[in-house]
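*Asks:* Pasting the sequence and the predicted coordinates here, then a few questions.
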Amino acid sequence: MTTDLLPALTAHVTATAHAGPRACRCTTATLAVREDATVVRHAGTVAKAHAPDADPAELALRLTVATRLTGILLPPLAPAPAELHGRLVTHWPYGIPVDPDDPDAAPWEAAATLLARLHRTPAPVAVPPMRGPAKAALALARLRAAAPRHPAATPVLRAWAALPPWARGEAPVPDTVTLCHGDFHLGQLLRHPASDGPWLLIDVDDLGTGAPAWDLARPAAWYACGLLAPDAWHRFLAAYRAAGGPAVPPDGDVWAALDVPARALTAQTAARAVTKAVAADRSLDEVERSLVDACARMSPSARPRAGRSSAQ
């Protein structure tokens, strides 16, 4: 991120939030500063500067989908991205995210229902493939560059190498029709700040057509690694099935569909964890170690088992 992007984005969102120039005492806050996104809020308006390599045509298509799929995706405030300091900028209404300090209140059923509805809805415009496998491949590439000889890198890289080419972003995803979020986790949910209104999915950067099982893969991987309570996982899965989600069969074993994406997300998350630990010159924490240990349990001969993926 250029050093002058954050103040420029702050001034930009302040101007966008009001119809005309005027002094105000509205709340301004920096919500995220990452390599791939900078997000600033002023009053009820949020401005997001997307990754430097974001494609303007693809982002415009994804914004169109969000505009048309009301009730599933948070609609943008403007139909096309702006440009600021060489970065594409989009504008969104502010919403309340899931509270990370209250896991018992996590809206697993609402999230699963939204995903099922998204997967069952035909894409209103032609969109590119969802970017889940490509982002996972990027995380592994960064691990190879940052710490190829770190002891924890070996099982992660082996687990990644055992995946089929489509899950490593090296071949087309075997579904070119189903509309997917591409990077689902509970941080991708918001609701209106003034009410207990419905939850909506946010962040269209990775949205596109692809394997819907990818959107269930992160909760599946957490469950398989022991990081998500069985009750939460079963509530999520039951709600997805009840809403007619096509990623898994309506009953019976789900791991034939989820095993490969769950292993891919486990390797991606472990790769990010090791890369961050190396950059901070620290040891892996307990959660990070559990992800690496899950990768060590994976092998090319692993097959789905009833109840858990081969990530366990």
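*Replies:* Great, that's in hand.

*Asks:* Run through the residues that contact A211.
*Replies:* 166, 173-175, 178, 180, 247, 261 (Cβ atoms under 8 Å, 6 or more residues apart in numbering). Yep, even glycine has a C-beta here, placed from its N, CA and C like the rest.

*Asks:* can you confirm G226 is in a strand?
*Replies:* No: applying DSSP: H, G, I helix; E, B strand; the rest coil, one finds G226 to be coil, outside a strand.

*Asks:* Next, the buried residues of the helix or strand hosting P7.
*Replies:* Per DSSP states H and E: P7 is located in helix 5-17. Across helix 5-17, burial judged by 16 or more other Cβ atoms under 10 Å covers 5-6, 8-10, 12-14, 16-17.

*Asks:* And stretch 150-159, by the same measure?
*Replies:* 150, 152-153, 155-157, 159.

*Asks:* Show me those residues that map onto helices.
*Replies:* Among the buried residues of stretch 150-159, the members found in helices (DSSP state H) are 153, 155-157, 159.

*Asks:* Quick check: of the residues you listed, which lies closest to I202?
*Replies:* V156 (28.7 Å; Cβ to Cβ).

*Asks:* how far away is the closest one from K135?
*Replies:* 15 Å (Cβ to Cβ, to the nearest Å).

*Asks:* What of R117?
*Replies:* 23 Å.

*Asks:* which residue packs closest to the residue nearest in space to the middle of the chain, ignoring adjacent ones?
*Replies:* Closest residue to the average C-alpha location of the chain: D183 at 2.3 Å, with Cα atoms, centre = their mean. Distances taken as Cβ to Cβ, 6 or more residues apart in numbering place D206 nearest to D183, at 4.3 Å, with adjacent residues excluded.

*Asks:* quick one: what helix or strand has the one you found in it?
*Replies:* Using DSSP H and E, D206 sits within no helix or strand.

*Asks:* tally of neighbours for it?
*Replies:* Applying other Cβ atoms under 10 Å, we find 23 residues neighbouring D206.

*Asks:* Check the buried residues of stretch 150-159 against V292 and report the nearest one.
*Replies:* Of all the buried residues of stretch 150-159, V292 sits closest to A152, with 4.6 Å by Cβ to Cβ.

*Asks:* my guess is the closest one meets L284, correct?
*Replies:* Yes: here A152 lies in contact with L284, judged by Cβ atoms under 8 Å, at a distance of 6.2 Å.

*Asks:* Need the residues touching each of the two.
*Replies:* Counting by Cβ under 8 Å, 6+ apart, the common neighbours of A152 and L284 are 274, 277, 292.

*Asks:* I'd like the residues you listed as CSV, with neighbour count and pLDDT appended.
*Replies:* As requested, those are exported to CSV (neighbours: other Cβ atoms under 10 Å; pLDDT from 0 to 100):
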residue, neighbour count, pLDDT
V274, 27, 97
A277, 20, 96
V292, 25, 96
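
*Asks:* Secondary structure and distance to W233 added to the residues you listed, as a markdown table?
*Replies:* A markdown table is the format used below for the shared contacts of A152 and L284 (DSSP: H, G, I helix; E, B strand; the rest coil; distance: Cβ to Cβ, whole Å):
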| residue | secondary structure | distance to W233 |
| --- | --- | --- |
| V274 | helix | 25 |
| A277 | helix | 27 |
| V292 | helix | 21 |
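
*Asks:* With distance to G95 added, can I get the residues you listed in a markdown table?
*Replies:* Output for those, formatted as a markdown table (distance: Cβ to Cβ, whole Å):
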| residue | distance to G95 |
| --- | --- |
| V274 | 33 |
| A277 | 32 |
| V292 | 34 |
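
*Asks:* Tell me which stretches of the stretch 101-250 of the chain form helices.
*Replies:* Taking DSSP state H, counting those that start in this stretch as the criterion, the stretch 101-250 of the chain contains helices spanning 108-120, 132-146, 153-161, 213-224, 230-242.

*Asks:* Compare those and give me the one nearest L201.
*Replies:* Nearest of the helices of the stretch 101-250 of the chain to L201, taken as Cβ to Cβ: helix 108-120 at 5.3 Å.

*Asks:* what does the closest one contact?
*Replies:* Residues outside helix 108-120 that contact it (Cβ under 8 Å, 6+ apart) are 69, 71-73, 178-181, 184, 186, 189, 198-201, 212, 215-216, 219, 232, 235-240, 242-247.
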